[in-house]
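>>> sequence and predicted structure, then a few things I'm wondering about:
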Amino acid sequence: MTDVGITAFGAYLPRLRLQRKAMAAANAWFNPGIAAQGKGERTMANWDEDAVTMSVEAARDALPGGDPLTARKHVQALYFASTTMPFSDRQNAGVVAAALSLPEEIHTADVTGSQRAGVSALIAALEKVKAGGAKTALVASGDRRKARSGSTQEFQFGDGAAALIVGSERVAAKYLGSHSISVDFIDHFRGEAEEYDYNWEERWIRDEGYTKIVPRAVKGALEKAGVAAASIDHFILPCQFAKLDQQLAAKGGIDAAKVRDNLASTVGECGTAHALLMLAHALEDAKPGQKILVAAFGQGCDAAVFEVTDQIERARPHKGVKGWLARRKEETNYMKWLSFNGLVEMEKGMRAEKDNKTALTVTYRKRDMLFGLVGGKCEKCGTAQFPRTRICVNPNCGAVDQQKPFSFAELKGKILSWSADYLTYSQDPPSHYGMVTFEEGGRFLSDITDVDIGTIDSGTQVRMVFRIKDFDDRRGFRRYFWKAAPVY
Amino acid sequence: MASGIRDKVAILGMGCSKFGERWDMGAEELMVEAYIEALQDAGIETSQIQAGWFSTHIDEIGVGKGGTPMSVALRLPNVAVTRVENFCAGGSEAFRGAVYAVASGAYDIALALGVEKLKDTGYGGLPTGQPGTLLPQWGANGSAPGNFAQLASAYRAKHGVSKQDLKRAIAHVSVKSHENGAKNPKAHLQKPITEEMALNAPMIAEPLGLFDCCGVSDGAAAAIVTTPEIARAMGKKDIITVKALQLALSNGLESTHNSWDGSYFHTARIASKKAYEEAGIRRPRDEVSMMEVHDCFSITELVTMEDLFISDEGRAVHDVMDGFYDASGKVPCQIDGGLKCFGHPIGASGLRMLYEMYLQLQGRAGARQLKNPKIGLTHNLGGAPSMNVCSIAIIGAHGA
């Protein structure tokens, strides 16, 4: 029987790292006990990032490079896991698929409702491929969870995403088996239309939840995989209780030293994505022959076991958790954090009053342009251009209806001209934008994101990223498009 | 073979309202202010107007669409009125419509009028936002200053000019216009500024500070045109005629094709070449007496000096610093204060530029009168550097 497992993996962490010391300093007057949380940093999504955009980045980190229109045709299924999906009814996985220019002949599904949804999605993908339902499946998970200002969760959470590619060729981490437990243990919940979680007592969650439920799933997964607990080299369990992961590992016969860093001090816990993020992190270190157990808790527990193969070296991501961890900018402005997360109402000025209603007919008609950053390339003269039009822009060509779809998403660009604009409304002023040109041909006046004042000029190299373009607060809609970001 | 517009049409009269924050007036009243002056200058009655071209840009906050706002405000005698809109170059567009109508022989006397009422928005600066249904979904989140500021980084990169040197040169552009505007009682901004004030002003869109941006003003301007023969028959002396009218529009090259380097106006170079040819001008640096250019932002004026072939490429910074374009310089530019200080009521600006050239050529420019100007050029731009319309008009004494 063919081996099924993880063939590639990737991650994404936003650039900003909110300093918990600054968070504590801002909140200690109200909640003196919070001072103890003021250590390390957490990832902080930019205003234009959400579970979808971060998952797109993680998937790009995992997918092979090259032209998205040809290099991604093998993906036949996409599972998108999150509990902070931007849309309750509009398939979010479909947005991820469109942004990645995945083929339309694909099985896509949103997996949600629990903190273990990331691992649930991974198991579903593995089982689907194993059953022959898809040759290759992509699992992407991202979360940007909202917590009240000054809450413990605000300190503990992080923003981020991870992606795994599941297949049966060049398997880098062979799937040995999994086990799932479903128990309606309500450690926290978020009701329909509620913005924040409601949390029960931590000691109860620790003693009656994690301690009693996780070992059952771990034991079951090890049995199904036929792997002895003592042979696990990487034990992965997102858990906000210090040292509990090590105690649970030891309880199950796993060497406590094999427990993976839960990234609490550098990232925070990224919701449904966190177990997959830790798995991606582990795979970056993993050696052939090593065994990995990944478990995620949430109204039960999912656990899966993998064995690393000699294909692991060629499966490494473009950046990976380590690469993204290294790209960081410390943020100490707690007010900015509040504003980016809708926790405070800033005076936006009259310019922010413009109606951002989106013509959905246009969004659909231009979907490859808007979601895939697909322009055109003239078959007659070879000029790449964005957007794709009926008449070639090359003054020496002018051919009609000769442009074939051409993706700019993975091309490196360069800034020709730019400005930092304080007049136009921006959630993060000044609004940076400029003419971005591509070596292959083509250019457009593009928003520039993840940029600091005074750090770009003509000639700066940029990479295109899929981001939120605008919010339509009146209708609960958000637009996505691509922006340029300085290359890192 | 087309013979061009040179000397076929004369300006019979012109008018221009006081520009500025006209809290006391709406667009309709401003139109009347400019129109009455033009009518009196021309020495005719409303009943003699045979057709009108009406320019206004932002109809959402202005008078609405169509030609009726002008026809009603001026109580025109049920004649043809065409509303034109071509971004900030609409005023020139209205003039072009009226001039061509007279040149065709279809009408003896035609009116061009532009108006904009901007100070009813509730905030400073022009409204921002993308038109249509597709552009808002992908167009950069910008404003007019940020779009024009793009020129600065590209110009620096191309010509190896330091940030400081360029900032100082564009500061001088504004200092000069404020000096001129101080002598113009109709100007929106009539206070001189210093270079230090310009350099240290709050940033609007890097590298443009507050004094690098033109006034956002209410105002109206009007021209009444006829043939030189009719003007003479009406007893007019010092007849001013149209020497050239050119308009060039982007076709997507600048915004889409990598052959444009972002540091200049592709359209302005095309339109000015054609205009010089139409007007019979061979050496613009020597033959153009004065100019009103579209100084929506100081950087726009600076690069335009090269696009009009007055400064050699890469030399505008030096000409500006040498005072070549000052009131006392070889080719005075923005002698009325320009968009910078006279103000920029969008739909009216092209006609306001012509108004100053017309007054100067007739020796009626008061405290800012230049010595014996022969040829006046106006450059009226609409859009953004990467996609725009550029109008060039040249006027001068009939037969000159």
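Received, thanks.

>>> next secondary structure after whichever strand or helix holds B:Leu354?
Following DSSP states H and E, one finds B:Leu354 within helix B:349-361. Going down the chain from helix B:349-361, the next helix or strand is strand B:375-384, by DSSP H and E.

>>> show me what the helix or strand following that next one pairs with in its sheet, parallel or antiparallel.
On the C-terminal side of strand B:375-384, the nearest following helix or strand under DSSP H and E is strand B:387-397. According to DSSP bridges, strand B:387-397 forms sheet pairs with strand B:240-249 (antiparallel), strand B:375-384 (antiparallel).

>>> highest mean neighbour count out of those?
Of all the strands paired with strand B:387-397, strand B:375-384 has the most neighbours on average by mean count of other C-beta atoms under 10 Å in any protein chain shown, namely a mean of 26. Heads up, the C-betas are built off the backbone N, CA and C, glycines and all.

>>> can I get that one in CSV, CA atoms only?
Taking Å, rounded to 0.1, in the frame of the first residue of the first chain, the C-alpha atoms of strand B:375-384 are listed here in CSV:
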residue,chain,number,x,y,z
ILE,B,375,2.7,85.0,-26.0
GLY,B,376,1.0,83.3,-23.1
LEU,B,377,0.8,79.6,-22.5
THR,B,378,-1.5,77.7,-20.3
HIS,B,379,-1.0,74.1,-19.2
ASN,B,380,-4.0,72.4,-17.6
LEU,B,381,-3.7,68.9,-16.3
GLY,B,382,-6.3,66.4,-15.1
GLY,B,383,-5.9,63.0,-13.5
ALA,B,384,-2.6,61.7,-12.0
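
>>> so how far is that strand from its chain's centroid?
Centroid separation for strand B:375-384 versus its chain: 5 Å, with C-alpha atoms, centre = their mean, to the nearest Å.

>>> for A:Trp418, helix, strand, or coil?
Of the three states, A:Trp418 takes strand according to DSSP: H, G, I helix; E, B strand; the rest coil.

>>> what is it paired to in the beta sheet?
A:Gly434.

>>> that's a helix at B:Ser177, yeah?
Yes. Applying three-state DSSP, one finds B:Ser177 inside a helix.

>>> which residue is the nearest non-sequential neighbour of it?
What sits nearest to B:Ser177 in space, not counting adjacent residues and going by C-beta to C-beta, 6 or more residues apart in numbering or on different chains, is B:Lys340, at 4.0 Å.

>>> now the farthest one out in the chain, which residue is it?
Since you didn't name a chain, this refers to chain A. Relative to the centre of chain A, and counting by C-alpha atoms, centre = their mean, the farthest-placed residue is A:Asn396 at 43.4 Å.

>>> chain B, not that one
Farthest-out residue of chain B from its mean C-alpha position, per C-alpha atoms, centre = their mean: B:Gln137, at 31.2 Å.

>>> which pLDDT value goes with that residue?
Looking at B:Gln137, its pLDDT is 97.

>>> how far away is it from chain A?
6 Å (C-beta to the nearest C-beta, to the nearest Å).

>>> returning to that earlier point: want to throw the strands paired with strand B:387-397 into CSV with distance to A:Arg216 and mean pLDDT?
Converted to CSV, those look like this (distance: least, C-beta to C-beta, whole Å; pLDDT from 0 to 100):
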stretch, distance to A:Arg216, mean pLDDT
strand B:240-249, 72, 98
strand B:375-384, 64, 98
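
>>> which ones are touching A:Ala24?
Taking C-beta atoms under 8 Å, 6 or more residues apart in numbering or on different chains as the criterion, A:Ala24 is in contact with A:Ile34, A:Ala35, A:Gln37, A:Gly38, A:Phe155.

>>> which one is it nearest to, not counting chain neighbours?
Leaving aside its chain neighbours, A:Ala24 sits nearest to A:Gly38 (3.0 Å; criterion: C-beta to C-beta, 6+ apart).

>>> could you report the neighbour count for that neighbour?
Close neighbours of A:Gly38, defined as other C-beta atoms under 10 Å in any protein chain shown, add up to 16.

>>> pretty sure it is touching A:Arg20, no?
Yes. Because the distance of 4.9 Å satisfies C-beta atoms under 8 Å, A:Gly38 is recorded as touching A:Arg20.
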